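Enquirer: Any chance you could fold what I've pasted below:
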Amino acid sequence: EVQLVESGGGLVQAGGSLRLSCAASGFTFDDYAIGWFRQAPGKRREGVSCIISSDGSEYYADSVKGRFTISSDNAKRTVYLQMNSLKPEDAAVYYCAASIRGGLDYVEYDYWGQGTQVTVSS
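Expert: The predicted structure follows:
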């Protein structure tokens with residue numbers, strides 16, 4: 001059974017940092033890209049970042065470049081999203097997802113976690 005389990009969300013003040021984790025199981029980790037997406041109330045799901053497990057290539061949405069960093073520990077089958085300089089507009093439910101194809105378009109992703117809430121106070 002494929003499972004993606006996010007953790008690390010919470011409440012942080014603007015300018016602060018959080019690190020999200022995504023623990024994956026039930027599929028061949030090295031064959032997949034892992035992406036982070038977010039969705040705020042009333043807004044579309046947005047691709048934030050993606051990492052290709054096989055070669056470590058990283059991709060970021062323009063809105064988070066220079067502030068967020070994605071990384072992967074393949075031995076632990078875990079992907080991290082380090083979020084620095086958080087802004088109120090970063091508040092959302094953050095999801096990790098797995099895709100054979102990768103990228104920042106949510107339609108390319110086959111498996112999803114349950115999400116973790118990130119709240120940023122101004």
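Enquirer: Mind exporting the C-alpha coordinates of stretch 9-22 to CSV?
Expert: Extracted in CSV, the C-alpha atoms of stretch 9-22 (Å, rounded to 0.1, in the frame of the first residue of the first chain):
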residue,chain,number,x,y,z
GLY,A,9,3.3,21.8,10.1
GLY,A,10,2.2,24.3,12.7
LEU,A,11,1.9,28.0,13.7
VAL,A,12,4.8,30.3,13.1
GLN,A,13,5.2,34.1,13.0
ALA,A,14,6.0,35.9,9.8
GLY,A,15,9.7,35.7,9.1
GLY,A,16,10.0,32.4,10.9
SER,A,17,10.8,28.9,9.7
LEU,A,18,9.3,25.4,9.5
ARG,A,19,10.5,22.1,8.2
LEU,A,20,8.0,19.7,6.7
SER,A,21,8.7,16.0,6.3
CYS,A,22,7.2,13.5,3.9
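Enquirer: which residues sit in contact with the residue nearest the centre of the chain?
Expert: The centroid of the chain falls nearest to Trp36 when counting by CA atoms, centre = their mean (2.3 Å). By CB atoms under 8 Å, 6 or more residues apart in numbering, Trp36 lies in contact with 20, 22, 47-50, 70, 79, 81, 94-97. In this view, the C-beta of every residue, glycine as well, is placed from N, C-alpha and C.
Enquirer: what's the helix or strand for it?
Expert: Counting by DSSP states H and E, the element that carries Trp36 is strand 33-39.
Enquirer: In this protein, mark out all the strands, start to finish.
Expert: Taking DSSP state E as the criterion, the chain carries its strands at 3-7, 10-13, 18-25, 33-39, 46-52, 58-60, 68-73, 78-83, 92-99, 111-112, 116-121.
Enquirer: Show me the shaky parts of the protein.
Expert: Within the chain, no range satisfies pLDDT under 70.
Enquirer: Which residue, neighbours along the chain excluded, lies closest to Gln117?
Expert: Gly9 (4.8 Å; CB to CB, 6 or more residues apart in numbering).
Enquirer: quick one, what contacts the one you found?
Expert: Taking CB under 8 Å, 6+ apart, we find Gly9 in contact with 18, 20, 94, 116-119.
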